[in-house]
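Q: below are the sequence and a predicted model; questions follow.
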Protein chains: 2
Amino acid sequence: MSELLSKAKKASECARFLSTLTTEEKNNALNKIAKQLLQEEAYLLEENEKDIQVARSNGTPEGLIDRLTLTSERLHDMAEGLKQVASLQDPVGEVLSSHTRPNGLQINKVRVPLGVIGMIYEARPNVTIDASSLCLKAGNAVLLRGSSSAIHSNTALVKVVQRALEQTNIPIEAIQLLEDTSRDTATEMFTLNEYLDVLIPRGGASLIQSVVKNASVPVLETGVGNCHLFIDESAKKEMAISIAVNAKTQRPSVCNAIETILVDQQWAKEHFQELLDALAEKNVSFVGDEKTQTWDNRIKQAEQADWENEFLDLIVAIKIVDTLEEAITHIHTYGTKHSESIISEDAANVVAFLNRVDAAAVYHNASTRFTDGFEFGFGAEIGISTQKLHARGPMGLEALTSTKYIVQGSGQVKG
Amino acid sequence: MSELLSKAKKASECARFLSTLTTEEKNNALNKIAKQLLQEEAYLLEENEKDIQVARSNGTPEGLIDRLTLTSERLHDMAEGLKQVASLQDPVGEVLSSHTRPNGLQINKVRVPLGVIGMIYEARPNVTIDASSLCLKAGNAVLLRGSSSAIHSNTALVKVVQRALEQTNIPIEAIQLLEDTSRDTATEMFTLNEYLDVLIPRGGASLIQSVVKNASVPVLETGVGNCHLFIDESAKKEMAISIAVNAKTQRPSVCNAIETILVDQQWAKEHFQELLDALAEKNVSFVGDEKTQTWDNRIKQAEQADWENEFLDLIVAIKIVDTLEEAITHIHTYGTKHSESIISEDAANVVAFLNRVDAAAVYHNASTRFTDGFEFGFGAEIGISTQKLHARGPMGLEALTSTKYIVQGSGQVKG
């Protein structure tokens, strides 16, 4: 039996037991893992160093090496994260609805774990701990498939996690890492419907699309955000400019940063230069269509791809629009249904935008940068769902659960 | 552009408009469709007759021809169904949660339509109307891909539906049928992520598995139910026997009928013959393992496949078990996580069974035959989900919706 099959099978067996754990048992394990991480700091940093050396010798860019690097501070952050997850409310067992039918059957809908979660991710060792802690708190077994470039770090982290679990009543099969990081193993995971209940890919667009396109196991799609800001005619100048600058520049590489600003032409007549000045001051450069280019010569010609894709950089596409309708249509055409914002003081336009724009999060007079499990108050985040099934938007612990109907009778048969 | 692409694109455009419809507009359309179905009875029966003639000349079994057949009575039932859906509460717009963050952002989670639903189904023309009415009520556009054997009936039904929509403000693209019923078209639907938000297959196990295995569009998996009844040592004799007979024989061809009975050996010592007598009286035949066969010579040798698959017929697999643990393990090994029932008067065993058996619906002292949207009080059903993402168990209107976060601010930017 391959490593994947053997571990997937063990995860599936283990999940049956995990679903029966008390909140206290799970929290105890999370706190034990936090403690163990700090105790084994030297070992973890040593193993991490092996990955960094390989990355360096492969000529990996410094940005990626930074993501891969563990430090004492980062280990402390991970331990804090584990304690925070322990402090969150346990979603499992929550009764979502309860009703009695005319025939006397009592039907309760309760939250239960999903079962086994397959996590496929790139070279960030912190995902190993983030994902493990959230999956465990929601009563799931997790099968981790990280990047080969982080294999020493991930192996060490999971060994430490399992050494912590050995001090509890939770089997170590609750959290397992695939040591075989070949592409074939990932592909095999995609169709392991017998043992995996859901796959969660975390990483770049191509990883996510590969999972979405090829998996028969249900997927929680996360990631791509081609987000827009629409500045309506009635928008307050200072607010619009401050939100545009924040949503574009505060952290341009993330999915909830904006990529395109749609500006109402009446508003533009008065404030366009000032908007561009404020963005330019933060080193943002501009692309736009021919019409918009006539407004300001700092705007370069936009390619079709500029409307369609994320820049994830200090570049913004700008388009002057005649109407709210034009803005909504543009967003419908190019948006990825992640986060979209309108700046406006016109109640009718606000309602139209919020109701008609189809996205996980629609904003009025606020930056799109708030689409995030922590900012939404969930206390944690496994990712931001851009699909419409199961969970949409920031996913906290609840997104890692399913439901079950518990039906209590007294001998009822169907007539 | 192919018929599929052209219709899928129109559906996607139309879905934007449907999401803004009022409940009254949708109900008006549903009632208009009901009326139109009755008005055009002669035309519908005539077109249906063409399908029946083709089926007869192809030597189609009478059972399948019956499923294909429309009658005046069945059209009246469809019209009644439409009116019932009109009377159900509109899920769209429901506010599921609302909270204000410390920074003043007000975050509302509201129910919205899914968008475009691709429905892939076999030769039951009633699904055309059922699915259309539920999708429309939940504000979705639907793209129907029925069986070639029902093409005349489905084409006529959708024409009639669209003639009713023409009398309303709802575009006819809300409900479209693919006239091309080739396998290639279905396969193309599987990966049309750009325009389809979800696929719902309805039909036999092979159809459903083909969609689950090959689709990159998210799927709502319905169907297969390898359901078990466990008769615990403490079970009341009459209750256990009456539920066993009901769950096996009341309608053996459906997914929520039981396929295996697990009998505690202590209970069996006293009541086994009586259980078998009651089932045999309803023409049920028995298969079982070697040990169970020694209890009664009416039990034939079970093949491995008998534990794994649905009989969908008056056959039941029977196994004498020593413990609750053995019953739970058997269900974990062979069950399809649909519906599982325990008959017991022992509170500890009941709790263990209900908590530890992983299924969409777990029952205590009741027949599994109640797993059904109508029996659960949802007023309608698009299918019974056997997956854990999004919706589990009977799916009513809510399963045809997604959610959206509406975030209201006053200029908030991320620090």
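A: It's in.

Q: now do the phi/psi pair for residue A:320.
A: Note on residue A:320: backbone dihedrals following degrees, to the nearest 10 are phi -80, psi 130.

Q: who in the stretch 151-300 of chain A is up against chain B?
A: Remark: the part of the stretch 151-300 of chain A in contact with chain B comprises A:191, A:193, A:197-198, A:212-216, A:218-220, A:236, A:238-239, A:242-243, A:245-247, A:250, using CB under 8 Å from any CB of the partner chain. (Each C-beta comes from the backbone N, C-alpha and C, glycine too.)

Q: which residues touch residue A:314?
A: Going by CB atoms under 8 Å, 6 or more residues apart in numbering or on different chains, residue A:314 touches A:248, A:249, A:252, A:282, A:283, A:284, A:285.

Q: and the third one, helix, strand or coil?
A: Assigned with DSSP: H, G, I helix; E, B strand; the rest coil, residue A:252 falls in the coil class.

Q: then stretch A:245-263 to PDB, C-alphas only?
A: Extracted as PDB, the C-alpha positions of stretch A:245-263 are listed here (Å, rounded to 0.1, in the frame of the first residue of the first chain):
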ATOM      1  CA  VAL A 245      -4.900  54.200  -1.400                       C
ATOM      2  CA  ASN A 246      -5.400  51.700   1.400                       C
ATOM      3  CA  ALA A 247      -7.000  49.000  -0.700                       C
ATOM      4  CA  LYS A 248      -4.300  49.300  -3.300                       C
ATOM      5  CA  THR A 249      -1.100  49.900  -1.400                       C
ATOM      6  CA  GLN A 250      -1.400  48.700   2.200                       C
ATOM      7  CA  ARG A 251      -0.400  45.200   1.100                       C
ATOM      8  CA  PRO A 252      -0.600  44.900  -2.700                       C
ATOM      9  CA  SER A 253       0.300  41.200  -2.900                       C
ATOM     10  CA  VAL A 254      -2.800  39.800  -1.200                       C
ATOM     11  CA  CYS A 255      -6.100  38.700  -2.700                       C
ATOM     12  CA  ASN A 256      -8.300  41.300  -1.100                       C
ATOM     13  CA  ALA A 257      -6.300  44.200  -2.500                       C
ATOM     14  CA  ILE A 258      -7.900  46.100  -5.300                       C
ATOM     15  CA  GLU A 259      -6.700  45.800  -8.900                       C
ATOM     16  CA  THR A 260      -9.100  48.100 -10.700                       C
ATOM     17  CA  ILE A 261     -10.600  51.500  -9.800                       C
ATOM     18  CA  LEU A 262     -13.800  52.500 -11.600                       C
ATOM     19  CA  VAL A 263     -14.400  56.200 -11.400                       C
END
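
Q: so for that stretch, what gets flagged as buried?
A: For stretch A:245-263, burial by neighbour count (16 or more other CB atoms under 10 Å in any protein chain shown) applies to A:245-250, A:252, A:255-263.

Q: so residue A:352 touches residue A:327, yeah?
A: No - the criterion here is CB atoms under 8 Å, and residue A:352 misses it with residue A:327 at 10.1 Å.

Q: any idea how far residue A:138 lies from chain B?
A: Distance, residue A:138 to chain B, using CB to the nearest CB, to the nearest Å: 12 Å.

Q: sorry, wrong one. I was asking about residue A:325.
A: Noted for residue A:325: a distance of 12 Å to chain B, by CB to the nearest CB.

Q: tell me which strands and helices the helix or strand hosting that residue is in contact with?
A: Residue A:325 is part of helix A:324-334, with elements assigned from DSSP states H and E. Applying 3 or more CB pairs under 8 Å, 6 or more residues apart in numbering or on different chains; DSSP states H and E, one finds that helix A:324-334 contacts strand A:227-231, strand A:258-264, helix A:304-308, strand A:315-321, helix A:347-356.

Q: output these in CSV; the columns should cover mean pLDDT.
A: Shown next, in CSV, are the helices and strands packed on helix A:324-334 (pLDDT from 0 to 100):
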stretch, mean pLDDT
strand A:227-231, 98
strand A:258-264, 98
helix A:304-308, 97
strand A:315-321, 98
helix A:347-356, 97
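
Q: in a markdown table, list the ones you listed along with distance to residue B:13.
A: Output for the helices and strands packed on helix A:324-334, formatted as a markdown table (distance: least, CB to CB, whole Å):
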| stretch | distance to residue B:13 |
| --- | --- |
| strand A:227-231 | 19 |
| strand A:258-264 | 20 |
| helix A:304-308 | 18 |
| strand A:315-321 | 19 |
| helix A:347-356 | 13 |
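
Q: run a quick neighbour tally on residue A:276.
A: Neighbourhood size, residue A:276 [other CB atoms under 10 Å in any protein chain shown]: 23.

Q: what comes up buried for the helix holding residue A:325?
A: By 16+ other CB under 10 Å, the buried positions in helix A:324-334 come out as A:324, A:326, A:327, A:328, A:330, A:331, A:332, A:334.

Q: quick check: the first one vs residue A:258, distance?
A: Yep, that's residue A:324 we're talking about. Distance check for residue A:324 against residue A:258: by CB to CB, to the nearest Å, it reads 18 Å.

Q: still on that earlier bit, any idea which of the buried residues of helix A:324-334 is least confident?
A: pLDDT across the buried residues of helix A:324-334 is lowest for residue A:332, at 93.

Q: not counting sequence-adjacent ones, nearest residue to it?
A: Nearest in space to residue A:332, with sequence neighbours left out and distances taken as CB to CB, 6 or more residues apart in numbering or on different chains, is residue B:16 at 6.3 Å.

Q: how close does the one you found sit to residue A:355?
A: Relative to residue A:355, and taking CB to CB, residue B:16 is found at 11 Å.

Q: briefly note if the top strand by length along chain A comes near chain B.
A: Using DSSP state E, we find that the single longest strand of chain A is strand A:401-412. Yes - using CB under 8 Å from any CB, we find that strand A:401-412 touches chain B at A:402, A:403, A:404, A:405, A:406, A:407, A:408, A:409, A:410, A:411, A:412.

Q: among these, which two are most distant?
A: The distance between the two most remote of the residues of strand A:401-412 next to chain B (CB to CB) is 28.6 Å, for A:402 and A:411.

Q: please say which of the two ends up with more neighbours.
A: Using other CB under 10 Å, the more surrounded residue of residue A:402 and residue A:411 is residue A:402, with 24 against 16.

Q: would you check that the more buried one makes contact with residue B:389?
A: Yes - the pair residue A:402 / residue B:389 is scored as a contact, 7.2 Å apart, by CB under 8 Å.

Q: shared neighbours of those two, which are they?
A: Any residue near both residue A:402 and residue B:389 by CB under 8 Å, 6+ apart counts here, and that gives A:114, A:197.

Q: identify each buried residue in the host helix or strand of the residue nearest to residue A:332, please.
A: Secondary structure assignment for residue B:16, by DSSP H and E: helix B:3-18. Residues B:4, B:7, B:8, B:9, B:10, B:11, B:12, B:14, B:15, B:16, B:17, B:18 are the ones in helix B:3-18 that count as buried (16+ other CB under 10 Å).

Q: how far away is the first one from chain A?
A: Plainly put, residue B:4 is 18 Å away from chain A if you go by CB to the nearest CB.

Q: good, wrapping up.
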